[in-house]
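>>> this one's sequence-less:
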């Protein structure tokens, strides 16, 4: 549903377009500065010190709070200094004054004092929000052991794989923590997207083999393989079901599941020092994270097989050519360029971004969930196989000879 | 079904292949000029002036009318000058004479006079067809306001988006005209393919925003959005259901729906000055023309998201690398090279072309129609949203400050 | 299911990983040379000349027979020279000695003489297997007329299209032989993958048109087209249903069905002298081998149409960019590089390779079989069409004029 005011705004927009432009993508005439001309505050006398302070703070804000907020500020200011709106409603074609009149009128009979209080409160919230942005983490995020999370640009949930001395290999703990972190980001309506990156020189060295070394795993391999399978399936499903853009910031080499997962991401930044490798068959394993479905679609079967069956390691540029990576950036300027771009992304209209993404994703979801299940079944079989044991032994033997 | 004659032709073809070649792609021996040697007309005396004139016209034809027509001409000429065929049927191995004998015999007891008339009529049609080719438009095409249509090379339906001063932005009128033009091309059995290009420097600047400024739209936005949605869905379906090759001749910048539609084309020529851009989320809209389905399949999800969600503008070469464009051509020689190639396409065997295309298309058709519907539903919601209004206002505000 | 021994091995592996490494992809400590240190044979006195000879042969083996076989050799040697194992079972943490003890104990009360015989037999098999590798063909392969088959690297089934004077055009005989060869490779459990290449300078010039020139085809084209369709459908299905990696070694130009089939391969090596061409519509035919489905998915519809509808010939590099080829190699070093790489592939753990491939393939199988059927139906219609006859005649005419 849309409001009467919205219709008016729309009508003015349309009349403007009709007279002046053909498309949004052409040049917009420059005589349109109605916002800065018309939305400045009236210079009326003000009552309290706090009210004066609020005015000062308003002038010091670094960021434009947006037109909705500015109209609200205008209305509260008028209500506090003049009282309830009793001027005649401006004509439909006097767009800006009508928008201001509407905002003011909506306050109805709010007392001047209450209007002043709300004005002060609103300005202080804007100031607080601006200061909040400069902090790396909001206080109420869950704390984790193997990953580190923070909020960037007010709405970007950043996850750092944080075991740099182990090249960010993914432990069972980390799998569980990533599932929890995605859930936190999913359920927080302020979060627009999630970025994942690695601490240190590696992005991620894949599944940590110590995952099979818990005392319980040692007593029953088959059971351990099954449990590992359940965790893996949940982990991958938490990516398939995630409803917000997933951005990988691949700061260095990526191995195994950290690469195959990229087939479920929306944007992959790669340093030109990053490499991409998933030598599954070399260690008698099999592809996971839906890569048996996504990779042939990304790069065609003969290049997907080269990667998933025949263990080819890709440079960042090769990964770009194979549609696994959106953009390769020189390592020296990687961090600065990436986060500047993510900040731009963070300002996009959220409904439009999420609904557009949903259109691109929903068609494949059911198939991805089935694929995940099939892949995990095969992988559980692989973990329990003699071939896996044999290959690991020979791998050691060869390594130790060198 | 196949005719007895066809079998004979086939038999000779086969015997020839059996003796002389292995494959069509090897060199063909040069002693095969049976056509020019054997299909010249007999030099018999002729009766009327018109008949004499027709003979002259035949000798002046610039284009070979093809073997079928030449056999027909031969037969009518014999019937007119000699009468019904009563010579013995040539042996099966005397291929060319047998083909000629068959053509002649098929005329049975047609009178000399009627044969002469048909001969004259056939030659005149050939002459007329050759002259027709040099005209840009056939007289019986529908006339349109915002697009210009013509027939090229006898069977190519050319559509020019013709609002160069408005950068060929698509009005509601133009949407309706394009639907009508595609319908005209679909239903004319002589049309083999459709080419779309833009007048002036732009290919197309996308959806014209004045589409929302009719008096009726101004009084009820929700209704206007719904009506826009119905039109859009019909428009895109008319491309999905079109049964002949669709060729885009992208002479300059392409924006919005003119780009997303390319996922439904068969061939996209792009000038190296063309650019490709669809900043949907920037203006709080969402992808249409099935691009939420086609683009991830063309270029993989992470590059499709960059384009459809994160508003990346592509150069022609980038669009080529992302499989959106078939071929990039230097702007200086763009028009000449493109139309020369389209002329070659126009001469391909039509049944083979259309049936092969159908094989490539039919599998996806139902899914495309569903995708179109889903996308339009989301877009209608977007047009009615507060976010859209807010973004448009901020867009103006920012533009006007510069 | 897993054995008790396997559990022990696993436990040791886990403890090692737990203490020493994080991931397989990190450096492995070098003090792990338990294999060469511990698996040398004991220097006990030996009985027969054959036993002495076997020992000598063992030392001359060029290839490491792998840990399983080495443990078996150790056990047989102990049994032959010492007798049944009666030493105490080593502790669980003394991994290597426990593995050796297990292997020895498994022989139970086998007599020294029988152990010696088995030892001699085993060594001789290893020697024979190593010599066998240098032979090009194993004796028990089926013999064919138009193709040549051999076993490379013990488990790679190599097929050479062997009509170099006819540029390896595929006759009906060759279609049938390829179906039989794939069946032989499928049913031999020792075969891990199949490689197909061409004799001489061409890879394959496509369908041999003499396929339509048998006496029976000459008497009834429609029947011949139908029979050709049945053969083609079986041929393509034998690729769709094949369960092992298919590798194309494209040594030179590839035409028609030899190109479209590549959409069903797992790996395509191409010489930089190779070209790829399928001018179906030029000769009034239509795409086959599921290319109407696979090619748009490999390279997007506008490039697939360029190739399948508009007869574009691709260089090897263009075929690589369009995801039809995995790897382009300079012609001079093509054979050496390709077969070295295939030898590497041949050593991959077979279960892992086959199960991983199955994951990548099974999802599309049913759709491929349906696509094959549809394509064949259209192609049978094409073969029986007047258009096909006409085009062939004009093709000849034009060729012969030059």
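Thanks, I have it. Quantities reported herein were computed from a predicted structural model and do not represent experimental measurements. Numbering: from 1, shown residues only, chains lettered A, B, ... in the order given.

>>> any idea how far chain B is from residue A:331?
20 Å (C-beta to the nearest C-beta, to the nearest Å). Where C-beta positions appear, they are placed from N, C-alpha and C, glycine not excepted.

>>> how close does that residue get to residue B:336?
Going from residue A:331 to residue B:336 by C-beta to C-beta, to the nearest Å gives 45 Å.

>>> assumed residue A:289 was part of a helix.
No - counting by DSSP: H, G, I helix; E, B strand; the rest coil, residue A:289 is not part of a helix but coil.

>>> can you confirm residue A:71 is in a helix?
Yes - Residue A:71 sits within a helix when classified using three-state DSSP.

>>> model confidence for the residue lying closest to it once chain neighbours are set aside, exactly?
Excluding the flanking residues, the one nearest residue A:71 by C-beta to C-beta, 6 or more residues apart in numbering or on different chains is residue A:103, at 4.1 Å. Listed pLDDT for residue A:103 reads 87.

>>> residue contacts, residue A:103?
Residue A:103 makes contact with A:71, A:72, A:74, A:75 under the criterion C-beta atoms under 8 Å, 6 or more residues apart in numbering or on different chains.

>>> nearest to residue A:359, of those?
Of all the contacts of residue A:103, residue A:359 sits closest to residue A:71, with 31.8 Å by C-beta to C-beta.

>>> report how many residues lie close to that closest one.
Using other C-beta atoms under 10 Å in any protein chain shown, residue A:71 has 19 neighbouring residues.

>>> isn't it up against residue A:100?
Yes - in this structure residue A:71 lies within contact range of residue A:100 using C-beta atoms under 8 Å: 6.5 Å.

>>> what helix or strand is the residue nearest to residue A:71 on?
Secondary structure from DSSP states H and E places residue A:103 in helix A:95-105.

>>> please apply the same query to residue A:150.
strand A:147-152.

>>> now swap in residue A:375 and tell me
Using DSSP H and E, residue A:375 falls in helix A:350-383.

>>> still on that earlier bit, state the mean pLDDT of the strand holding residue A:150.
96.

>>> just stretch A:284-298 next, same as before
97.

>>> okay, and whichever residue of chain A sits closest to chain B sits in which element?
Using C-beta to the nearest C-beta, residue A:323 is the residue of chain A that sits closest to chain B, at 3.1 Å. Element membership of residue A:323 [criterion: DSSP H and E] is none; it lies in no helix or strand.

>>> wait, isn't it in contact with residue B:296?
No - taking contacts as C-beta under 8 Å, residue A:323 lies outside contact range of residue B:296: 9.6 Å.

>>> ok, now which ones touch the residue of chain A closest to chain B?
Residues in contact with residue A:323 (C-beta under 8 Å, 6+ apart) are A:298, A:299, B:299, B:300, B:302, B:303.

>>> most neighbours of all those, which one?
residue B:303 (28 neighbours).

>>> and stretch A:192-206, what's buried?
Under the neighbour-count criterion of 16 or more other C-beta atoms under 10 Å in any protein chain shown, stretch A:192-206 has A:192-200, A:202-206 buried.

>>> between those, which sits nearest residue A:50?
The closest of the buried residues of stretch A:192-206, once distances to residue A:50 are taken by C-beta to C-beta, is residue A:192, at 33.2 Å.

>>> and the gap between the closest one and chain C?
Residue A:192 is 30 Å from chain C, by C-beta to the nearest C-beta.
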